[in-house]
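Student: Starting from these lines, generate the structure:
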Amino acid sequence: MTDLQVRKMRFAFEDYDVPFLWNEENPAFSSMANAVSFLAVGFEKMIVQMIAQTKPLITDPAVAEEADAFTRQEGQHSTAHRQHVRALIARYPGLQETLDDVIRAYDKLTAETSLKYRLAYTADLEATFTPVFKLMLDNDSTLFRPGDDRVASLFIWHFVEEVEHRSSALIIFESVVGSDLYRMRVAPSVFKHVLDVIRIACDGFNRHVPIEERKIDALSMFASHRRKQKLHKLIPGLKAQDHGPMPRAFDDLSLGEQLVALRGVVRSQMPRHDPAHENLPALAGVWFDRYDAGYDVTKWYTAETVASPGAN
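Tutor: Numbers count the residues shown, from 1 in each chain. Prediction:
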């Protein structure tokens with residue numbers, strides 16, 4: 001029987017304006033997280049459709065239950081991220097085009113690839129989340145706390161639930177496909193597609209959000225873009241549109257922590273990888289305890305004044 005819980009959240013994005021630069025101390029992380037919101041809407045729509053196709057192929061009742069809980073959690077994530085994205089579109093209407101392009105990229109993937117490929121896609125990507133989100137949650141005091149509490153709380157909730165269902169996509173993939181070799185073989189195309197979708201979002205940010213409000217070139221998270229921009233500045237006659245400074249989201253994090261996360265990402269793609277054995281972020285355990293105790297996790301930082309604090 002699955003241990004996953006389906007938690008319905010409301011982050012009050014409609015109550016007042018949601019800033020694009022929701023963490024003013026780290027514009028690059030603000031932009032990267034916003035891109036995750038856009039990607040989540042398209043990716044999680046794909047997951048829901050994929051699991052609906054997969055369910056008739058699942059013969060193990062325990063796996064079927066896991067798939068159902070996994071889909072319901074992802075559905076809640078999609079709903080919350082749609083609310084966040086809708087608030088950004090209300091402020092920057094051109095971002096509707098960006099959202100449409102992101103969703104179209106995943107609709108195209110659903111229409112043009114096999115169910116086997118999409119199961120591998122989901123398993124490969126979800127396997128990376130625990131080490132990546134551990135890096136973020138372990139540094140919540142700089143990445144999340146200084147920002148808009150609604151946005152910060154959305155991402156903390158999403159990331160701890162990704163840790164909670166860290167094994168689900170692989171369990172489903174193994175039950176229906178069961179080929180580590182296939183999963184490894186398609187991994188390069190999977191991550192290329194993910195980065196292509198994030199690039200769609202970041203390019204949309206550059207086009208539709210004024211530099212005064214985003215503070216950076218939203219594409220600066222891509223090393224290839226940073227190299228291209230620097231090259232254009234060095235070679236006379238080459239012109240490139242300047243979208244602003246090019247910091248990276250994790251510039252202030254220790255190199256050691258980043259390397260640990262990178263090793264975790266590589267390990268996640270290896271044969272017989274079992275996410276159940278991954279090191280987990282301490283903040284996830286605190287979050288689950290607080291949620292069970294009735295703490296308002298939609299106001300992760302600002303609600304601390306009315307409940308006992310226990311984490312960064």
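Student: my guess is F129 contacts H165, does it?
Tutor: No - assessed by Cβ atoms under 8 Å, F129 is found out of contact with H165, at 9.3 Å. Any C-beta I mention is one placed from the backbone N, CA and C, and that applies to glycine too.
Student: Using neighbour counts, pick out the buried residues of whatever helix or strand T110 lives in.
Tutor: Assigned by DSSP states H and E, T110 belongs to helix 95-112. Neighbour-count burial for helix 95-112, counted by 16 or more other Cβ atoms under 10 Å, picks out 95-96, 98-99, 101-103, 105-106, 109.
Student: What helices and strands are in contact with that helix?
Tutor: With contacts defined as 3 or more Cβ pairs under 8 Å, 6 or more residues apart in numbering; DSSP states H and E, helix 95-112 has these neighbours: helix 27-54, helix 61-91, helix 115-137, helix 180-208.
Student: Serialize these to a markdown table and add fields for mean pLDDT and distance to F159.
Tutor: Shown next, in a markdown table, are the helices and strands packed on helix 95-112 (pLDDT from 0 to 100; distance: least, Cβ to Cβ, whole Å):
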| stretch | mean pLDDT | distance to F159 |
| --- | --- | --- |
| helix 27-54 | 96 | 9 |
| helix 61-91 | 95 | 10 |
| helix 115-137 | 96 | 4 |
| helix 180-208 | 96 | 16 |
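Student: which one of these lies closest to R7?
Tutor: For these, distance to R7 was read as Cβ to Cβ. The smallest value, 6.7 Å, belongs to helix 61-91.
Student: quick check: angle from that closest one to helix 115-137?
Tutor: With axes from the mean of the first three to the mean of the last three Cα atoms, to 10 degrees applied, the angle from helix 61-91 to helix 115-137 works out at 70 degrees.
Student: got the buried residues for helix 61-91?
Tutor: Buried-residue list, helix 61-91, by 16+ other Cβ under 10 Å: 63-64, 66-78, 80-89.
Student: likewise stretch 185-202?
Tutor: Residues of stretch 185-202 classed as buried: 186-187, 190-191, 193-194, 197-202 (neighbour count, 16+ other Cβ under 10 Å).
Student: now do stretch 287-294
Tutor: Under 16+ other Cβ under 10 Å, the buried positions of stretch 287-294 are 287-288, 290-291.
Student: Now find how far off-centre that stretch is within its chain.
Tutor: Relative to the chain's own centre, stretch 287-294 is displaced by 22 Å; criterion: Cα atoms, centre = their mean, to the nearest Å.
Student: how about the CA coordinates for that stretch, as CSV?
Tutor: Output of stretch 287-294 as CSV, limited to C-alpha atoms (Å, rounded to 0.1, in the frame of the first residue of the first chain):
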residue,chain,number,x,y,z
TRP,A,287,7.6,19.9,6.6
PHE,A,288,5.7,16.6,6.9
ASP,A,289,5.8,16.8,10.8
ARG,A,290,4.4,20.4,10.7
TYR,A,291,1.7,19.5,8.1
ASP,A,292,0.6,16.6,10.3
ALA,A,293,0.5,18.9,13.3
GLY,A,294,-1.8,21.3,11.5
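Student: residue nearest the centroid of the chain?
Tutor: In the chain, the residue lying closest to the centroid (Cα atoms, centre = their mean) is V36, at 4.4 Å.
Student: Contact partners for it?
Tutor: V36 makes contacts with 155, 198, as judged by Cβ atoms under 8 Å, 6 or more residues apart in numbering.
Student: so how far is S78 from it?
Tutor: V36 sits 12 Å away from S78, going by Cβ to Cβ, to the nearest Å.
Student: And for A123?
Tutor: A123 sits 19 Å away from S78, taking Cβ to Cβ as the criterion.
Student: now do R104
Tutor: Distance from R104 to S78, counting by Cβ to Cβ: 16 Å.
Student: Over to M246?
Tutor: According to Cβ to Cβ, M246 and S78 sit 31 Å apart.
Student: And C202, by the same measure?
Tutor: As judged by Cβ to Cβ, C202 and S78 stand 20 Å apart.
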